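Q: Sequence plus the predicted model coming up.
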Amino acid sequence: MNNDCPPKLGYRIGEHNVRHGLSLAPMAGNTNLAYRRLCRQFGAELTTTEMASSLALKYGDEKSLRLLERGDEEYPVAAQIFGSDPEVLRIAAGEIERRGFHVLDLNIGCPVPKITGCGGGSALLREPDLAARCIEAMIEGTSLPVTVKIRAGWSDDDKCAPTFAQKMEEAGARTVTVHGRTREQRYTGHADLDLIRSVKDSVSIPVIGNGDVTDVESAQRMATTGVDGIAIGRGALGQPWVFTQIRAWLDGEPVPEDPGLAERAALMLQLGRGVVELYGEHRGMRIMRRLATDFFRGCLGAPIMRQRSNKLETLKDLELLADALKSGERLEPVSD
Ligand SMILES: Cc1cc2nc3c(=O)[nH]c(=O)nc-3n(C[C@H](O)[C@H](O)[C@H](O)COP(=O)(O)O)c2cc1C
């Protein structure tokens with residue numbers, strides 16, 4: 001790998017310096033506080049909550065508000081909200097500030113019909129004037145820097161991200177994160193790096209490239225677009241050390257190897273304990289049924305471990321799974 005002249009990434013959001021430009025992308029159901037702590041430990045410099053409903057914030061719906069747990073050591077941490085009613089977003093913005101977050105992000109990328117059907121998430125890509133009013137209202141409701149996360153566009157015929165990003169800049173957004181897929185693509189195909197480059201060329205606020213970065217090579221490809229930062233989502237699941245590796249490359253240092261099974265097992269367990277601390281054992285293990293599987297992707301016996309993780313009930317079960325992962329022991333399938 002050519003490590004001669006790594007690019008200089010990094011940007012500021014208000015008073016916050018994201019030195020290497022490396023952030024953990026928000027992922028509903030995954031990037032809870034325990035996961036974010038793990039990624040920070042490995043060098044993620046900006047973390048973002050799972051998306052929360054602006055309406056839930058307005059009405060104080062406790063279940064949704066649990067998504068907005070924040071760690072005192074998380075600095076800076078962004079809260080991400082969705083919605084399409086400027087007045088509701090204005091009120092929600094004030095609530096986010098009261099909760100001690102440092103940055104407020106608006107989701108204009110979510111492709112899920114439950115969200116787009118109410119005009120939120122990627123549906124706003126087709127309503128640039130309304131989207132601009134949403135950003136302006138949020139800025140009115142808080143002194144926090146307001147940022148935005150968008151997609152390449154709605155469809156292949158409508159890759160509006162460059163002009164849309166300009167509109168967001170004019171409305172006052174401080175950074176724009178671009179997932180280089182369209183809404184129609186959802187998670188299929190590839191992120192369009194040329195499109196991300198066009199966004200970078202069309203605005204003067206920092207642009208954070210997002211999509212398909214899973215290692216140093218893919219980070220190198222993303223960096224060729226000229227972006228100021230890289231947001232990593234799925235590539236950090238089960239391998240939070242990807243941040244350390246990319247950071248080493250950016251610093252011109254030797255890139256550390258992937259950790260061995262013992263360390264992976266310890267990290268999975270650390271995450272499990274953190275999730276239980278946040279949500280209790282019952283709910284925590286249900287969350288870990290999904291999160292644990294990422295840690296043994298590609299390992300010997302992964303299908304059986306996946307099956308075992310689908311049945312996690314207690315922390316003790318997770319400890320046994322971690323022991324098996326560590327020792328490379330072959331587990332027996334469990335019956336229903
Ligand atoms: C399970 C899952 C949940 C996601 N939830 C959110 C979310 O809450 N807010 C958001 O802006 N993007 C969300 N995304 C999109 C990611 O932030 C990211 O844009 C996308 O996965 C592409 O980046 P990646 O290839 O690095 O994963 C989610 C993606 C996944 C796979």
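A: Structure's in. What do you need? Residues are numbered from 1 along each chain as shown.
Q: hey, let's count contacts and neighbours off CA atoms from now on
A: Fine.
Q: now L106, nearest residue through space, not along the chain?
A: V148 (4.8 Å; Cα to Cα, 6 or more residues apart in numbering).
Q: Can you report phi and psi for the one you found?
A: Phi and psi for V148, reported as degrees, to the nearest 10, are phi -140, psi 150.
Q: Next: the one 10 residues further on.
A: Backbone dihedrals for D158, given as degrees, to the nearest 10, come out at phi -140, psi 70.
Q: For it, name its beta-bridge partners.
A: Going by DSSP bridges, D158 is paired in beta bridges with S155.
Q: so how far is the ligand from it?
A: Separation of D158 from the ligand (Cα to the nearest ligand atom, to the nearest Å) stands at 18 Å.
Q: and the residue of the stretch 51-200 of the chain found nearest the ligand, what does it touch?
A: For the stretch 51-200 of the chain, the residue closest to the ligand is M51, as judged by Cα to the nearest ligand atom, at 4.1 Å. Taking Cα atoms under 8 Å, 6 or more residues apart in numbering, we find M51 in contact with P26, M27, A28, L67, A79, Q80, I81, F82, N107.
Q: Least confident of those residues?
A: Taking these together, the minimum pLDDT is found at L67 (89).
Q: Contacts for stretch 193-208, please.
A: 11-12, 21, 152, 159, 161-163, 165-166, 169, 174-178, 180, 209, 222, 225-231.
Q: still on that earlier bit, ok, the residue of the stretch 51-200 of the chain closest to the ligand to K200 distance?
A: M51 sits at a distance of 25 Å from K200 (criterion: Cα to Cα, to the nearest Å).
Q: ok so, going back, give me the neighbour count for the residue nearest to L106.
A: 23 (other Cα atoms under 10 Å).
Q: The lowest-mean-pLDDT helix or strand in the chain: how far from the chain's middle?
A: Across the helices and strands of the chain, mean pLDDT, DSSP states H and E gives its lowest value to helix 62-65, namely a mean of 84. Averaging C-alpha positions (Cα atoms, centre = their mean, to the nearest Å) puts helix 62-65 19 Å from its chain's average.
Q: That one near the ligand anywhere?
A: No: applying Cα under 6 Å from any ligand atom, one finds helix 62-65 separated from the ligand by no less than 12.3 Å.
Q: What residues does the stretch 201-336 of the chain have near the ligand?
A: Residues of the stretch 201-336 of the chain lying near the ligand (Cα under 6 Å from any ligand atom): N210, G211, D212, V213, I232, G233, R234, G235.
Q: Rebuild those residues as a markdown table, extending it with secondary structure and distance to L321.
A: Formatted as a markdown table, those follow (DSSP: H, G, I helix; E, B strand; the rest coil; distance: Cα to Cα, whole Å):
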| residue | secondary structure | distance to L321 |
| --- | --- | --- |
| N210 | strand | 32 |
| G211 | coil | 31 |
| D212 | coil | 29 |
| V213 | coil | 28 |
| I232 | strand | 27 |
| G233 | coil | 25 |
| R234 | helix | 22 |
| G235 | helix | 22 |
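Q: what residue ranges in the stretch 1-150 of the chain score low on pLDDT?
A: 1-4 (pLDDT under 70).
Q: just the helices in it please.
A: 33-41, 54-59, 62-65, 86-98, 113-116, 128-141 (DSSP state H, counting those that start in this stretch).
Q: now the last one against helix 86-98, angle please.
A: Per axes from the mean of the first three to the mean of the last three Cα atoms, to 10 degrees, the angle that helix 128-141 makes with helix 86-98 is 40 degrees.
Q: buried sites along helix 128-141?
A: 128, 130-141 (16 or more other Cα atoms under 10 Å).
Q: Do a quick rundown of the strands in this protein.
A: 11-13, 16-18, 22-24, 47-48, 52-53, 77-82, 103-108, 146-153, 176-182, 207-210, 229-232 (DSSP state E).
Q: For T175, give its distance to I13.
A: 7 Å.
Q: More neighbours: those two, which one.
A: Between T175 and I13, counted using other Cα under 10 Å, the more crowded position is T175 (26 against 19).
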